[in-house]
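Enquirer: below is the sequence, then the predicted model.
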Amino acid sequence: MAKVAREMVENAGVDVDQLLELLVNNASAELTTYYYYTILRVNLIGLEGEGIKEIAEAARIEDRNHFEALIPRIYELGGELPQDMKALHDMSACPPAELPKDPTDIKAMLTVLVEAERCAVRGYTQVCNMTAGKDHRTYDLALAILNEEIQHESWFSEFLGEGPSGHFLRRGQMSPFVSKFLQ
């Protein structure tokens, strides 16, 4: 644990235990979303599904990257992940992004994907609001993840016909905002 880091965050007025709970719950959401998106992705078949598969894969890989980027900060602040994977799953900040009952219903699949991203946007906005001007490292990390989650939401919402977002699918570079935290 980086004792001075935790001390500075506490001295800035952040409830570090509450922050750690949010970070661990969001890390859980990232890992479980990675898992559920794997199942969703393999079920994106047929003419409509194939058009979404690459976007679901980009979001899936970036969610894994978000999990990896969160772990050092959790431990720096004196937190930890639960030892039990089931416990980690059940503390997720977001509900499971489970395969719809009819996996051929592409609109239902997109709804699951977009709602998972909207939950993530809410979670990282909460972390940003809590740490803005107080915990620069956590804020920077949460803001980087938030930027990517907003893009993920926009990709899926466009397929639902909710309007253009101005965002484009990334080619080649994954996690452009979060990559600096993965080194």
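Expert: Ah, there it is.

Enquirer: longest helix of the protein?
Expert: helix 46-76 (DSSP state H).

Enquirer: what helices or strands is it leaning on?
Expert: helix 16-42, helix 106-131, helix 136-159 (3 or more C-beta pairs under 8 Å, 6 or more residues apart in numbering; DSSP states H and E). C-beta here means a position set from N, CA and C on the backbone, and glycine is covered the same way.

Enquirer: only the buried residues of the second one, if you could.
Expert: Taking 16 or more other C-beta atoms under 10 Å as the neighbour-count basis, helix 106-131 is seen to contain the buried residues 106, 109-110, 112-114, 116-121, 123-124, 126-128, 130-131.

Enquirer: the longest one too?
Expert: When burial is assessed from 16+ other C-beta under 10 Å, helix 16-42 yields the following buried residues: 16, 19-20, 22-37, 40-41.

Enquirer: next, the nearest residue to residue 72 once chain neighbours are set aside: secondary structure please.
Expert: Nearest non-adjacent residue to residue 72, counting by C-beta to C-beta, 6 or more residues apart in numbering: residue 181, 7.7 Å away. Secondary structure state of residue 181, per DSSP: H, G, I helix; E, B strand; the rest coil, is helix.

Enquirer: pLDDT wise, what is residue 181 at?
Expert: Note for residue 181: predicted pLDDT of 93.
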